[in-house]
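# pasting the sequence and the predicted model now:
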Amino acid sequence: MPWVNNVSMKKYFIGMVVLLGFLSLSAQDKSNLSWWNDQVFYEVFVRSFYDSDGDGVGDFKGLTEKLDYLNDGDPTTDTDLGITALWLMPINPSPSYHGYDVTDYTGVNADYGTMDDFKAFLKAAHDRGIKVIIDFVMNHTSSQHPWFLDSRTGPTAAKRDWYRWTADQPTYLGPWGQQVWYSYSDYYYYAVFWDGMPDLNYNNADTKTAMFDAAKFWIDEMGIDGFRLDAAIYIFEDGSQLLNVPATYDFFHDFSAHIKSFNADAMTVGEAWEASDLVVPYVTNDRIDFCFEFDLATTMLNAANSGNTSGIVNALRDKINMYPYYQFGTFLTNHDQNRLMDVLGDDENKVKTAASIYLTIPGIPFLYYGEEVGLTGSGADENKRLPMQWTGGRNAGFTSGTPWKNQGTNYQTNNVETMSADESSLWSHYRNLIHARTEYDALRTGDFIELTSDNAAILSFLRKSDNNQRVVVLVNPSSSTKFLNVDFADYAVAGDLPPFDLMTSAVIGTSSSTGDIENIKLDPYQTALIVFDKKEVILDAPSISKELTFYPNPAHDFIHFSQSDDGSFSIYALDGRLVKSGTLQDQITVSDLKSGIYTIRVQTKDNQITKKLMISN
């Protein structure tokens, strides 16, 4: 059917597609959730992550070296960031630094290493339980791709119809008013982004077969877990209609069926940078598994920036009702947008607020590399993709050579080495949120339930799983201390332990006789994740003795106590795990514990002490 040029008819068509999508959701429920709903993804630009050989460019070996930073594969440790899946920006051969103009869809960029290096990385990631997806740039190739070089040789070229060519230059412009037709040898070819990235013509069956074969190579032969589909809305054109063409929806239905025919668990996430109602058709009727939610990202950023979260719940309710159950990707900014620190005015507290929101709401969260240490960058795309800041030393610890791009200006304070040793840092905030999300399936796939509190300035909601696991999320987005009570009676369970905050590893507020949570105090910009199942909750004791002390703190090899008669000790990690216990002695060995912040409880016949303990090994 030819595309109707009448604007109202276009809107009617899109509306009908969305409506049909809604009707198809009636059978969608939690039982259809897939592995990606349990993940926290981390977007990596390999060129900027870590350089293993000193040539100034990040590589596969460097990424492999840093996997333990991302996730060491041991769920009992809390020194890693805790991510469970990786999205690699383009890794194919390309003449450009960014890689979005591909010259070989089944090869890897020599700047990043060899195919064997990639295979070793993939195995190491999978060994740690980390899923890996890669950017698949289907809309266009590089103008240096052999297909295009053949195509431009003339009207009778074998691959002429693999691209869109015309003898007469069309007069229309692109979706944002840009030039889209470029001249070459008395003809014109179509390229929606720029002349170096000509669009493929999927009306040609051979083009489609070649790209589907490339997808099979990565999924079936290489064993990756899925694709991020770049520029998904531009695959087909119909005259001057250059995006969201009906044929594009059909294309992704075919593509999904293709890759799932040899791996039913293969995942696709689409870049459909559009209003939400135009994105929904891409994720219904067995097309793309889910897409990024750009509108929701804007809402979260505005809330964090203004300190007013009142619009979050309404916006989220709309998204939940639009999509199949929780099938949308949540994020704050990505490689095409100004860095989060720049957007939020270099205000770490606002960044923490934004992180708290998107890592606790429904959806599939994506974290852009360096967000956890506050990388900066805006303007030109290269500035948004600067080297990762590992240390405060030379080249921010990214390379021993000359970096392909200089690091950001805040690297001496905002780096992994410094911030991972500080329990109040932005890095630790991200780590705590991610680990909490991994520990509690209620935070990943549980129902989203609005809660009522007596302080409208606080964002408050409940995540509740089918097995009645509950996490109350409270976010104070303001610079002032807030006090509140939360109406939780409908979700209280007899026998619940005291309300325990996963972020501070301490009891917060009190449980009332009616099941509400009362007397909650939230410091400026504080986030609380309240659970009711922590048996290791350490209650403040009224009879703490000043004479019962220990030293040194921070400790390295041993802790020494002022009393050791008839006592016991217990040391807990921040997530409540008991990591060491025993009979109280003059000297207790701690050299076997990893560096970090712990809580220690010492109990004697008459006294009890509960304090924070820092171990530096």
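Perfect, I can see it now.
# C-alpha from now on. contacts and neighbour counts both.
Fine.
# show me what the one helix or strand Phe212 maps to packs onto, helices and strands only.
Taking DSSP states H and E as the definition, Phe212 sits inside helix 205-216. Judged by 3 or more Cα pairs under 8 Å, 6 or more residues apart in numbering; DSSP states H and E, helix 205-216 is in contact with helix 246-262.
# packing partners of the helix it packs on?
Against helix 246-262 (3+ Cα pairs under 8 Å, 6+ apart) you get helix 205-216.
# flag every buried residue along the helix it packs on.
207-208, 211-216 (16 or more other Cα atoms under 10 Å).
# what do you get for stretch 232-239?
Buried residues in stretch 232-239, defined by neighbour count with 16+ other Cα under 10 Å: 232-237.
# reformat these as a markdown table; add pLDDT and secondary structure.
Formatted as a markdown table, the buried residues of stretch 232-239 follow (pLDDT from 0 to 100; DSSP: H, G, I helix; E, B strand; the rest coil):
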| residue | pLDDT | secondary structure |
| --- | --- | --- |
| Ala232 | 98 | helix |
| Ile233 | 98 | helix |
| Tyr234 | 98 | helix |
| Ile235 | 98 | coil |
| Phe236 | 98 | coil |
| Glu237 | 97 | coil |
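# tell me the one of those nearest Arg463?
Nearest to Arg463 among the buried residues of stretch 232-239, counting by Cα to Cα, is Ala232 at 31.7 Å.
# and the closest one, how far from Phe136?
10 Å (Cα to Cα, to the nearest Å).
# what of Ala231?
10 Å.
# neighbour count for these two, which is higher?
Using other Cα atoms under 10 Å as the criterion, Ala231 and Phe136 rank with Phe136 on top: 26 against 18.
# about what we covered before: closest to Arg444 among the buried residues of stretch 232-239?
For the buried residues of stretch 232-239, the nearest to Arg444 is Ala232 (26.1 Å; Cα to Cα).
# return the residues in contact with that closest one.
138-139, 270-272 (Cα atoms under 8 Å, 6 or more residues apart in numbering).
# Asn349 versus that one, what's the distance?
34 Å.
# Asp161 now?
According to Cα to Cα, Asp161 and Asn349 sit 53 Å apart.
# bridged to the residue nearest to the spatial centre of the chain, which residues?
Nearest to the mean C-alpha position of the chain, by Cα atoms, centre = their mean, lies Phe366 at 1.5 Å. Here Phe366 sits in beta bridges with Phe41, as judged by DSSP bridges.
# what about Leu173, which SS state?
coil (DSSP: H, G, I helix; E, B strand; the rest coil).
# just name the closest of the buried residues of stretch 232-239 to Gly392, please.
Looking at these and their distance to Gly392, the nearest is Ala232, at 39.0 Å (Cα to Cα).
# how close does that closest one get to Tyr282?
Distance from Ala232 to Tyr282, by Cα to Cα: 9 Å.
# and what of Ser420?
As judged by Cα to Cα, Ser420 and Tyr282 stand 39 Å apart.
# of these two, which one has the most company?
Remark: of Ser420 and Tyr282, Tyr282 carries more neighbours, 27 against 21, as counted by other Cα under 10 Å.
# how about the contacts made by that one?
249, 252, 288, 290-291.
# at 6 Å instead, please
When contacts are counted by Cα atoms under 6 Å, 6 or more residues apart in numbering, Tyr282 touches Ile288.
# look at Tyr598 and give its secondary structure.
Strictly by three-state DSSP, Tyr598 counts as strand.
# now swap in Leu474 and tell me
At Leu474 the chain is in strand, as set by three-state DSSP.
# residue ranges with poor pLDDT in this structure?
Counting by pLDDT under 70, the chain contains low-confidence ranges at 1-29, 31, 535-548, 563-565, 574-576, 605-606, 608.
# quick check: domain ranges of it?
7-139+200-438, 146-190, 442-531, 550-615 (automatic domain parsing).
# not counting sequence-adjacent ones, nearest residue to Thr610?
Take Thr610 and drop its neighbours on the chain: the residue closest to it by Cα to Cα, 6 or more residues apart in numbering is Arg601, 4.5 Å away.
# that neighbour belongs to a strand, doesn't it?
Yes: Arg601: assigned to a strand according to three-state DSSP.
# surely it meets Tyr572?
No: Arg601 lies out of contact with Tyr572 (Cα atoms under 6 Å); the separation is 8.2 Å.
# thinking again about what came up before, nearest to Gln526, of the buried residues of stretch 232-239?
Among those, and counting by Cα to Cα, the member closest to Gln526 is Ala232, at 38.0 Å.
# residue boundaries of the strands in the stretch 151-300 of the chain?
165-166, 181-184, 187-190, 226-229, 267-270, 290-292 (DSSP state E, counting those that start in this stretch).
# any chance of TSV for those strands, columns mean neighbour count?
Shown next, in TSV, are the strands of the stretch 151-300 of the chain (neighbours: other Cα atoms under 10 Å):
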stretch	mean neighbour count
strand 165-166	18
strand 181-184	17
strand 187-190	20
strand 226-229	22
strand 267-270	25
strand 290-292	26
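# nearest approach to Ile91 belongs to which of those strands?
Across those, the minimum distance to Ile91, taken as Cα to Cα, is reached by strand 226-229, at 12.0 Å.
# against Ala456, how distant is Thr360?
19 Å.
# ignore what I typed, I meant Pro524.
Taking Cα to Cα, one finds Pro524 at 15 Å from Ala456.
# looking at these two, which one has more neighbours?
Pro524 (15 against 12).
# correct me, but that one touches Thr481?
Yes: between Pro524 and Thr481 there is a contact at 5.0 Å, judged by Cα under 6 Å.
# any chance you could map the helices in the stretch 301-450 of the chain?
312-322, 340-343, 348-358, 416-419, 426-439, 441-445 (DSSP state H, counting those that start in this stretch).
# make TSV from those helices and add distance to Gln585 and mean neighbour count to it.
Putting the helices of the stretch 301-450 of the chain into TSV (distance: least, Cα to Cα, whole Å; neighbours: other Cα atoms under 10 Å) gives the following:
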stretch	distance to Gln585	mean neighbour count
helix 312-322	52	16
helix 340-343	48	21
helix 348-358	41	23
helix 416-419	33	20
helix 426-439	32	22
helix 441-445	40	25
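# nearest to Pro146, of those helices?
Each of these has some distance to Pro146 by Cα to Cα; the shortest is helix 340-343, at 38.1 Å.
# helices or strands up against that closest one?
Packing partners of helix 340-343 (3 or more Cα pairs under 6 Å, 6 or more residues apart in numbering; DSSP states H and E): none among the helices and strands.
# re the thing from before, between Arg601 and Tyr572, tell me which one has more neighbours.
Tyr572 (22 against 18).
# quick one: that one is in a strand?
Yes: Tyr572: assigned to a strand according to three-state DSSP.
# count the neighbours of the closest residue to it other than its chain neighbours for me.
Among residues not flanking Tyr572 along the chain, Leu578 sits closest, at 4.5 Å (Cα to Cα, 6+ apart). By other Cα under 10 Å, the residues close to Leu578 number 15.
# got a list of what the residue lying closest to Ile434 once chain neighbours are set aside touches?
Among residues not flanking Ile434 along the chain, Gly82 sits closest, at 6.0 Å (Cα to Cα, 6+ apart). With contact set as Cα under 6 Å, 6+ apart, Gly82 has these partners: 70-71, 434-435.
# next one: phi and psi at Gly82?
The phi/psi pair for Gly82 (degrees, to the nearest 10) reads phi 100, psi 10.
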